[in-house]
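Visitor: coords below, sequence missing:
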Ligand code: GLY
């Protein structure tokens, strides 16, 4: 499977040496971190600051993966396997940085869309050959009878696509666009996966673009308030609103987390979908 060069370490000293060697790199806490254990660093100085922050959050000498920094466009290929075949949903792209223009810190995800404009058939074939097919061969070789979702987090670079991460779940916020874009019943697909029949199952998808914009509490991903009353949910039209960090207090809906609501819209073009979402989100 095509991946970036990487080192695993549990020693802060080792980590410092590797950072000096790589200069710019990606430093990941090797464990669950709710999307907040990854630092993308463009210099050794920035990497050392990230190392300190990870030490504070997860303990000095916590397990880390330090990877070469790959530049390009990220794409998520998410689908279902029955252990032999992989049925891909349409490619999606999530946006993790807080601000427009890929600026600001990494978050749990500020939005996503599907399909991804400009993803050629040749690139999809490369992704299959370099990442998906070897993964499926690996599952078979290890006799790992896995049936369920696979999420391939991929960076498309000048040198081709590389795998950044696997997840064995749908993505968030990708799920919020992939499921509305799916025309076939999800239950049918899962049934085919459990029965080992995915190779002969053809999934259908709705036409057009689906996008999700995540509405977050002010201050996220650092400190933020909760308990704010959310109004305007009844006023939105022609979009789907999925709740994330909310809770009910009698008749009221309150914010209860950093990422509060997902507003999903469909359009003939991505711009149409986004314009609809931003228009409706103004009402909330
Ligand atoms: N969107 C990133 C993830 O679900 O891991």
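Guide: It's in. Note that the structure is predicted; figures quoted are calculated from it, not measured.
Visitor: how about the helices in the stretch 101-250 of the chain?
Guide: For the stretch 101-250 of the chain, applying DSSP state H, counting those that start in this stretch gives helices covering 121-127, 133-141, 175-181, 186-194.
Visitor: anything in stretch 84-93 near the ligand?
Guide: No: on the criterion Cβ under 6 Å from any ligand atom, stretch 84-93 is out of touch with the ligand, staying 8.8 Å away. In short, each C-beta sits where N, CA and C put it, glycine included.
Visitor: list the buried residues in stretch 172-185.
Guide: By 16 or more other Cβ atoms under 10 Å, the buried positions in stretch 172-185 come out as 172, 173, 174, 175, 176, 177, 178, 180, 181, 182.
Visitor: what's the pLDDT at the closest residue to residue 284 other than its chain neighbours?
Guide: Leaving aside its sequence neighbours, residue 284 sits nearest to residue 232 (Cβ to Cβ, 6 or more residues apart in numbering; 4.3 Å). On pLDDT, residue 232 comes in at 98.
Visitor: before we move on, the earlier item: quick one: the helices of the stretch 101-250 of the chain as TSV, columns for mean pLDDT and distance to residue 280 too.
Guide: Shown next, in TSV, are these (pLDDT from 0 to 100; distance: least, Cβ to Cβ, whole Å):
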stretch	mean pLDDT	distance to residue 280
helix 121-127	97	32
helix 133-141	96	38
helix 175-181	98	15
helix 186-194	97	25
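Visitor: between those helices, which one is closest to the ligand.
Guide: Between the ligand and the helices of the stretch 101-250 of the chain, the shortest separation by Cβ to the nearest ligand atom is 7.8 Å, and it involves helix 175-181.
Visitor: which outside residues touch that closest one?
Guide: When contacts are defined by Cβ atoms under 8 Å, 6 or more residues apart in numbering, helix 175-181 is touched by residues 78, 89-90, 92, 112-114, 170-171, 186, 205-206, 210-212, 240, 242, 262, 264, 266.
Visitor: buried subset of these as a ChimeraX selection?
Guide: With 16+ other Cβ under 10 Å as the criterion, this ChimeraX line picks the buried residues out of these:
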select :78,89,90,92,112,113,114,170,171,210,211,212,240,242,262,264,266
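Visitor: so which of the contacts of helix 175-181 are in strands?
Guide: Among the contacts of helix 175-181, DSSP state E puts 78, 112, 113, 114, 210, 211, 212, 240, 242, 262, 264, 266 in strands.
Visitor: looking at the residues you listed, which is nearest the ligand?
Guide: Nearest to the ligand out of those is residue 112 (Cβ to the nearest ligand atom; 6.9 Å).
Visitor: my read: the closest one touches residue 209, true?
Guide: No: counting by Cβ atoms under 8 Å, residue 112 sits too far from residue 209 to count as a contact (11.1 Å).
Visitor: residues shared between the contacts of these two?
Guide: By Cβ under 8 Å, 6+ apart, no residue touches both residue 112 and residue 209.
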